[in-house]
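Asks: 3D, please:
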Amino acid sequence: MFIIVNIFWFMLPPLEVKVLDINSEFYGVKTSLLMENAGKAVAEFVTKNFPNKRNLLFFCGTGNNGGDGFVAARYLAKRYKISLVLLGGKNKIKTKIAKENFEKLKNYKIGIFELDKLSQDKLDHLIRDANIILDAMLGIGISGEPREPFRSIIEKVNTSKKTVISVDIPTGFSSKISIKPDVTITFHDVKEGMNEENSGKIIIADIGIPEKAVKFVGPGELVVYYPRPMETSHKGENGVVLVIGGGPYIGAPALSGLASLRVGVDLVYIATPKRAARAITSFSPLLIKPKRLARSIAKLVPNLIVKELKSDEEKLCPSDVGSISDLISKSDAVIIGPGLGRDESTEKAVIELVRICIKKDKAIVIDADAIEAVSGEFTFHHKCVVTPHVGEFYKLTRVRLTENIEEKIDKVKKIAKKLNTTILLKGYIDIISDGTRVKLNDVHNPAMTVGGTGDVLAGIVGGLLAKKVEPFNAARIGVFVNGFAGNLAFEKKSYGLVATDIIDEISTVLKKFLK
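Replies: Here you go, the predicted structure:
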């Protein structure tokens, strides 16, 4: 199916194309099928619109954009004379599926030329002889100005006065040196920045990306947006988290802190009242229930720097704000709420601390008991993620949510826009919105209703924020990692899983999807 674009109501950023490809595979549609459908769509457009042209010349790169071109050439070889110039040796084709589609060309009557083995006279002859030139050289994964040999080919194609069709995006798109096509056949949706001036007539081709891959999170967000540490990085450069929590509930801030460590931050501070501080730093299983949680914390306690708050034995107080403010300055992201309780003085302290975070431009996760404290006419900022369940959402907004998922999405999106923040509404289907974008998540299991799983999720999201992941992406990666880790834990522990089982599986999730 083709759509001719005249007015752009939405544009797909390049990185989101990669997310969609990965999530499509996760939800059952292989990348190889997407490439097959893409190439077939190009061939169908050419056949329908240029039935009387005879000679087609393909310029193909060695990535998946070139792979789309290989597939299109194969389909078109049945009706047209095809010449294909490969920019780079066949041994340099980068992906398995592109290699497989290149090998299939051997079974068709197609003239295949490697550019570095092609004389200028022959290249000029191929261009002169062509009725249509198809550009499948560089796709969405390339940034900056094209280098040689692409630069020279772009100049030759642009001065050829031939009909030019670009595959997905014009080569060199968004740079000063780019193909100026008559038509661009783009896949799934218009890419960010495309217009008639830089892309010619834009045709959208449906290549079979499943609806679930569009609406729901998957491993694509993790693979694309997770920041891998640089080899030269030093301690502290990969994120420092401050967890403000604890009081009536001792284990909650520890769970958040451990989850942040497991998602890859360098350091976690925990600011917590005296009783919770002693428990978190103790090796004695007598002070924390269940015993397994105590042992888990004991193993990792050297990585948790616990700040014992002096004002009260069991609760956060406004008089603690000054000492916590110094820790906020040292941190990249703050998680506030796990296990705090709802004492009136604690809520006053929460409001002061959130305002300090905003003033210092710190990323924040507002979770659990802190959500009610900031309800009403509170000013958030764009670096904030609020993580309510349905009841907490009502306390925050005084808006009741129905069971209708579309109504829920609409209300969450509107409130996120109004509050200038990212909302992660937890439920059977999680809803994440920053007021403009929306993603859903259903990767989890019924056993994850056990206490502490929300604290783990807050820790994952806070850790990602500390690693400089933008809030909307941190939230959608967070729900996937938390849910997938929960599913791995469920396979081992069934309905007896506890929150620390999920923490134990976070590193397994990272290992599975991050290469």
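Asks: contacts and neighbour counts: CA atoms only from here.
Replies: OK.
Asks: got a list of what the residue nearest the centre of the chain touches?
Replies: Residue closest to the mean C-alpha point of the chain, counted by CA atoms, centre = their mean, is E221 at 2.6 Å. If a contact means CA atoms under 8 Å, 6 or more residues apart in numbering, then E221 has 19, 473, 476-477 as its contacts.
Asks: again with K18
Replies: 220, 224.
Asks: next, the closest residue to D369 other than its chain neighbours: phi, psi?
Replies: Distance criterion CA to CA, 6 or more residues apart in numbering; nearest residue to D369, sequence neighbours excluded, is G337 at 5.1 Å. With angles defined as degrees, to the nearest 10, G337 sits at phi 140, psi -40.
Asks: quick revisit: next secondary structure element downstream of the host helix or strand of the residue nearest to the centre of the chain?
Replies: Secondary structure from DSSP states H and E places E221 in helix 219-225. The helix or strand immediately downstream of helix 219-225 is strand 240-244, counting by DSSP H and E.
Asks: could you identify the helix or strand that succeeds that next one?
Replies: Sequence-wise, the next helix or strand downstream of strand 240-244 (DSSP H and E) is helix 251-262.
Asks: next, the angle from that following helix to strand 240-244.
Replies: 170 degrees (axes from the mean of the first three to the mean of the last three CA atoms, to 10 degrees).
Asks: other SSEs contacting helix 251-262?
Replies: Under the contact definition 3 or more CA pairs under 8 Å, 6 or more residues apart in numbering; DSSP states H and E, helix 251-262 sits against strand 240-244, strand 267-273, helix 274-281, helix 291-300, helix 453-466, helix 499-513.
Asks: so where's the longest helix in this protein?
Replies: helix 471-493 (DSSP state H).
Asks: so what touches that one?
Replies: Helix 471-493 has contacts (CA under 8 Å, 6+ apart) with 217-219, 221-222, 225, 363, 382-385, 422, 424, 430, 432-434, 439, 441-445, 447-448, 456-457, 460-462, 464-465, 497, 501-503, 505-506, 508-509.
Asks: ditto for stretch 74-84
Replies: The contact list for stretch 74-84, computed with CA under 8 Å, 6+ apart, reads 39-40, 43, 47, 53-60, 73, 104-105, 108-113, 126.
Asks: 7 Å instead, please
Replies: Residues from elsewhere that reach stretch 74-84 (CA atoms under 7 Å, 6 or more residues apart in numbering): 40, 43, 54-59, 73, 105, 108-113.
Asks: just the residues you listed: which are in strands?
Replies: Here DSSP state E is the test, and the contacts of stretch 74-84 give 55-59, 110-113 as lying in strands.
Asks: name the residues of stretch 432-451 that are buried.
Replies: Using 16 or more other CA atoms under 10 Å as the burial criterion, the residues of stretch 432-451 that qualify are 432-435, 438-444, 447-448.
Asks: count the residues that sit near S199.
Replies: 26 (other CA atoms under 10 Å).
Asks: distance check, it against G322.
Replies: Per CA to CA, to the nearest Å, S199 is found 56 Å from G322.
Asks: what do you get for R79?
Replies: Applying CA to CA to R79 and G322 gives a distance of 77 Å.
Asks: coming back round to it: closest one to D343 out of the buried residues of stretch 432-451, please.
Replies: Distances from D343 to the buried residues of stretch 432-451, taken as CA to CA, are shortest for M448 (27.3 Å).
Asks: could you report the pLDDT at the residue nearest to the closest one when sequence neighbours are not counted?
Replies: Take M448 and drop its neighbours on the chain: the residue closest to it by CA to CA, 6+ apart is G486, 6.8 Å away. We note a pLDDT of 98 for G486 in this prediction.
Asks: just the one 3 residues further on next, same as before
Replies: According to the prediction, A489 has pLDDT 98.
Asks: also N6?
Replies: Listed pLDDT for N6 reads 44.
Asks: could you tell me the end-to-end distance of stretch 241-256?
Replies: 10 Å.
Asks: for stretch 207-219, same thing?
Replies: Distance across stretch 207-219, first residue to last, is 20 Å (CA to CA).
Asks: outside of it, which residues touch it?
Replies: Contacts to stretch 207-219, defined as CA under 7 Å, 6+ apart, come from residues 20, 22-24, 26-27, 34, 37-38, 187-188, 439-441, 476, 480, 513.
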